[in-house]
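Engineer: Sequence unavailable; structure follows:
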């Protein structure tokens, strides 16, 4: 009788990125930042799965060629193992990450937008924190714009009023309602320690403890775009803590549903209604 093979330990980290006609210079910047962070954290390999939701043969071919070329160029580094998934339909942001995570196992998983760049020490800080504090189910970074302005990615529980202000209101009304927006962006909450508890994290960049993520069923795929990250935050909060680490920093190039056209506004409104139906309506505040 042959002895059973010794089970291999799970890798520390895997990464998924959902693409939709994402510019390749943006993807290059993201992958470079991941590679630098892997070197800083002394990780021998990080598997990165990109999910293309363009459903466009030309873009898919170009993306595949880009990823293959990047992988060849990165051979000399402590590197990224890149792969591309090409589903036959775009089923939404959360569904894309669920698909990627069905292909790989790891202790921790980094969910990312393609319009994000990590600071070089991001992997090291995140993994050290997650290993040291096993109660953390989700760890979020501090976000900054390309010009260095804070983005306030962490959010409090929203109201219909404050979401309407952010997505649809003219600038003068946002200015007059600054207090409500500041509370939603948790600017009024203490931030004098390295870690602070937050209510909702942004899906543009979040580290999740994989066992807990799987235990809550991952992303709810009934959200197409918007609010799937808030829904996940509350599900994970039922199993652990959701924390923001002030020393983990990212540059975020995206955001702003109202600037992306009517279809994005529809997705935003539909996702918001689904979120409130599940977790409770709050009209003002």
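Structural biologist: Everything's here; your move. Quantities reported herein were computed from a predicted structural model and do not represent experimental measurements.
Engineer: did I read that right, residue 245 in a helix?
Structural biologist: No. Under DSSP: H, G, I helix; E, B strand; the rest coil, residue 245 sits outside any helix and is assigned strand.
Engineer: beta partners for it?
Structural biologist: With DSSP bridges as the criterion, residue 245 is bridged to residue 195.
Engineer: Residue 45 contacts residue 11, doesn't it?
Structural biologist: Yes. The pair residue 45 / residue 11 is scored as a contact, 7.1 Å apart, by C-beta atoms under 8 Å. Glycine gets a C-beta too; all of them are placed from N, C-alpha and C.
Engineer: Mutual contacts of these two, please.
Structural biologist: By C-beta atoms under 8 Å, 6 or more residues apart in numbering, residue 45 and residue 11 have no common neighbours.
Engineer: quick one, which of the two is more surrounded?
Structural biologist: Shown here are residue 45 and residue 11; by other C-beta atoms under 10 Å, residue 11 has more neighbours (17 against 13).
Engineer: Please report how far that one lies from residue 152.
Structural biologist: 32 Å (C-beta to C-beta, to the nearest Å).
Engineer: now do residue 52
Structural biologist: 30 Å.
Engineer: quick one, which of those two is more surrounded?
Structural biologist: Shown here are residue 52 and residue 152; by other C-beta under 10 Å, residue 52 has more neighbours (23 against 16).
Engineer: so the more buried one touches residue 88, yeah?
Structural biologist: No. The criterion here is C-beta under 8 Å, and residue 52 misses it with residue 88 at 10.9 Å.
Engineer: where along the stretch 101-250 of the chain do the strands fall?
Structural biologist: Using DSSP state E, counting those that start in this stretch, the strands of the stretch 101-250 of the chain run over residues 108-112, 116-118, 136-144, 195-197, 205-209, 241-252.
Engineer: May I have the strands that pair with the second one, each with its orientation?
Structural biologist: What it means is strand 116-118. Counting by DSSP bridges, strand 116-118 is paired with strand 241-252 (antiparallel).
Engineer: what's the least confident helix or strand in the chain, going by average pLDDT?
Structural biologist: helix 171-176 (a mean of 70; mean pLDDT, DSSP states H and E).
Engineer: Just grab the bridge partners of residue 15 for me.
Structural biologist: Going by DSSP bridges, residue 15 forms beta bridges with residue 48, residue 110.
Engineer: can you list the weak-confidence ranges in the stretch 51-200 of the chain?
Structural biologist: 72-78, 169-170, 172, 174, 190 (pLDDT under 70).
Engineer: Which residue is the nearest non-sequential neighbour of residue 204?
Structural biologist: residue 113 (4.1 Å; C-beta to C-beta, 6 or more residues apart in numbering).
Engineer: neighbours of that neighbour, just the number please.
Structural biologist: 21.
Engineer: Test my guess that it contacts residue 254.
Structural biologist: Yes. At 6.1 Å, residue 113 and residue 254 qualify as touching, with contact defined as C-beta under 8 Å.
Engineer: Common neighbours of these two, please.
Structural biologist: Shared contacts of residue 113 and residue 254, counting by C-beta under 8 Å, 6+ apart, come down to residue 204.
Engineer: residue ranges for the helices of this structure, please.
Structural biologist: All helices of the chain, identified by DSSP state H, fall at 24-40, 57-73, 93-101, 122-132, 160-168, 171-176, 178-184, 210-215, 228-237, 262-279.
Engineer: Run through the neighbouring helices and strands of the fourth one.
Structural biologist: Using 3 or more C-beta pairs under 8 Å, 6 or more residues apart in numbering; DSSP states H and E as the contact test, the elements touching helix 122-132 are helix 24-40, strand 108-112, strand 136-144, strand 205-209, strand 241-252.
Engineer: Sweet, I'm off.
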